[in-house]
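> 3D model of this:
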Amino acid sequence: MITFEAVTKRYPDGTVAVDSLDLDVPDGRVMVLVGPSGCGKTTTLRMINRLVEPTAGRVLIDGRNVADSDPSKLRRGIGYVIQQTGLFPHRTVEDNIATVPLLIGWKKASARARARELMDLVGLDPAALARRYPYQLSGGQQQRVGVARALAADPPVLLMDEPFSAVDPIVRAALQDELIRLQAELHKTVVLVTHDVEEAIKVGDLVAVFRPGGHLAQVDTPERLLGAPADDYVRDFVGFDRGIRRLSFFPAAGLDLATDTVLTAATTFADAITAGHRAGEPWLLVAGADGRPLGWAAVADLKAGSPAAALADAQLAPVGHTFRPDTDSLRAALDATILSRTERAVGVDASGRAIGTTSYERLRDAIRAAEDAAEAGAEMVRQTAGEAR
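Numbering: from 1, shown residues only. You can find the predicted model right below:
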């Protein structure tokens, strides 16, 4: 665990970067520090590896004051990833990654073998890229090398200072996904600095929101941060659309899908019209013999056709985006519904077969149920905490 005990950093000109910070970073979790420019996020991060020294208070790693450690030895045991990667331009990719193992006495062959192992881990092809130089890589590849280098000596703590901000949005999203995947495998204690609240919510197990002047505004899980901001500052910082983003934490498994609106392509127009009236639905989903969705049939259009005709011959609206109730969130289901011309979306199984459809009304009920369950859980936590005190 990383612990900040009443930590303050005041510069000679009187500027206070961090003011009486008390913060715990649990082992094996990702803590994201987020806030506006100049609020003390990076200063806080750099006090962990003593690139910045506090003027008051203590920073502890597993109960030991970092001020009692030799700075060089301390830093070799802490992974550090920065915005521009900081790669050595005159060294190959594998030698960049092997830097810390070599510094702590590994043989060159072992260090390079470790480098190639880590290249595989972060999604880089060692055979193609190990002997290249940083300038021969894309920005996203360079960031992956930076992460691999930080992990080379298997440090328990990983510090990341705006690690993905210098790449384009598509690459940034891919790198965020890669971090989530790596953390699920490695379980490092990660402190990550960003100014992007979306990134904080996506990758963080916990999020610490800083106010200007180096004060903490709220430390919470992403879900609680979106669902229960501590005050107006946090509410404004996380954004007016926090309710929509919070749906990413509610599984779609609780969504009640309509199954009587899914018909096979062999169904006649007459039977489809009857099914639509029975379900009270203006749109019906047409599925092929394999169960995969083919498109949406409008009941109103079917009435103009021959009752004996089959849905296989109907003019169908595109299926649009689908979602998987067993793995996706209510946010994914809502996005699929919003983007659909029919204002309905298709839930599918792992094989892509249609298992039911949803609508705004069904989503509304599922969202209310999820919010009620979340509030009940939060109330239980509050009561348990009160009893513990």
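> for T3, which non-adjacent residue is spatially closest?
Leaving aside its chain neighbours, T3 sits nearest to L60 (4.3 Å; criterion: Cβ to Cβ, 6 or more residues apart in numbering). C-beta coordinates here come from the backbone N, C-alpha and C atoms, glycine included.
> over to A369?
Closest residue in space to A369, ignoring its immediate chain neighbours: G254 at 6.2 Å, by Cβ to Cβ, 6+ apart.
> wouldn't that neighbour be in contact with R368 here?
No: checked against Cβ atoms under 8 Å, the pair G254 and R368 is beyond contact range at 10.7 Å.
> neighbour count winner among those two?
Using other Cβ atoms under 10 Å, the more surrounded residue of G254 and R368 is G254, with 14 against 10.
> residues contacting the more buried one?
366, 369-370 (Cβ atoms under 8 Å, 6 or more residues apart in numbering).
> parallel or antiparallel, list what pairs with the helix or strand hosting G79.
Assigned by DSSP states H and E, G79 belongs to strand 78-81. Here strand 78-81 is paired, per DSSP bridges, with strand 157-161 (parallel).
> quick check: buried residues in stretch 3-15?
Neighbour counts over stretch 3-15 (16 or more other Cβ atoms under 10 Å) mark 3-5, 7-9 as buried.
> can you tell me which of these lies nearest to V18?
Nearest to V18 among the buried residues of stretch 3-15 is K9, at 4.5 Å by Cβ to Cβ.
> what's the helix or strand for the closest one?
Secondary structure (DSSP H and E) places K9 in strand 2-10.
> ok, then the element right after that strand?
In N-to-C order, the element after strand 2-10 by DSSP H and E is strand 16-25.
> tell me where the model's unsure across the stretch 251-389 of the chain.
Filtered on pLDDT under 70, the stretch 251-389 of the chain yields the residue ranges 377-389.
> show the buried residues in the contacts of G254.
Buried members of those, counted by 16+ other Cβ under 10 Å: 366, 370.
> report the buried residues of the helix or strand hosting R172.
Here R172, judged by DSSP H and E, is contained in helix 169-186. By 16+ other Cβ under 10 Å, the buried positions in helix 169-186 come out as 171-172, 174-176, 178-179, 182-183.
> other residues contacting whatever helix or strand comes next after that helix?
Moving toward the C-terminus from helix 169-186, the next helix or strand (DSSP H and E) is strand 189-194. The contact list for strand 189-194, computed with Cβ under 8 Å, 6+ apart, reads 1-2, 25-34, 41-42, 44-45, 48, 156-165, 183, 200, 203-204.
> chain center to strand 189-194, what's the gap?
Taking Cα atoms, centre = their mean, to the nearest Å, the mean C-alpha location of strand 189-194 is offset from the chain mean by 13 Å.
> between strand 16-25 and that strand, find me the angle.
140 degrees (axes from the mean of the first three to the mean of the last three Cα atoms, to 10 degrees).
> for S165, phi and psi?
Dihedral pair for S165: phi -80, psi -20, per degrees, to the nearest 10.
> who does whatever helix or strand the residue nearest to T3 lives in pair up with?
Per DSSP H and E, L60 falls inside strand 56-61. Taking DSSP bridges as the criterion, strand 56-61 sits next to strand 2-10 (antiparallel), strand 64-65 (antiparallel) in its sheet.
> show me the strands in the stretch 151-300 of the chain, by range?
Using DSSP state E, counting those that start in this stretch, the strands of the stretch 151-300 of the chain run over residues 157-161, 189-194, 206-211, 215-220, 262-264, 283-287, 293-298.
> possible to save those as TSV with mean neighbour count and distance to S340?
Converted to TSV, the strands of the stretch 151-300 of the chain look like this (neighbours: other Cβ atoms under 10 Å; distance: least, Cβ to Cβ, whole Å):
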stretch	mean neighbour count	distance to S340
strand 157-161	22	38
strand 189-194	24	33
strand 206-211	23	32
strand 215-220	19	34
strand 262-264	18	15
strand 283-287	24	9
strand 293-298	21	8
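> got CSV for those strands, with distance to R344 too?
Supplementary listing: those in CSV, determined by distance: least, Cβ to Cβ, whole Å:
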stretch, distance to R344
strand 157-161, 41
strand 189-194, 36
strand 206-211, 34
strand 215-220, 35
strand 262-264, 11
strand 283-287, 6
strand 293-298, 7
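> those: which one's closest to F240?
F240 lies closest to strand 206-211 among the strands of the stretch 151-300 of the chain, at 16.0 Å (Cβ to Cβ).
> pull the distance from that closest one to the chain's centre.
Using Cα atoms, centre = their mean, the offset of strand 206-211 from its chain centre is 16 Å.
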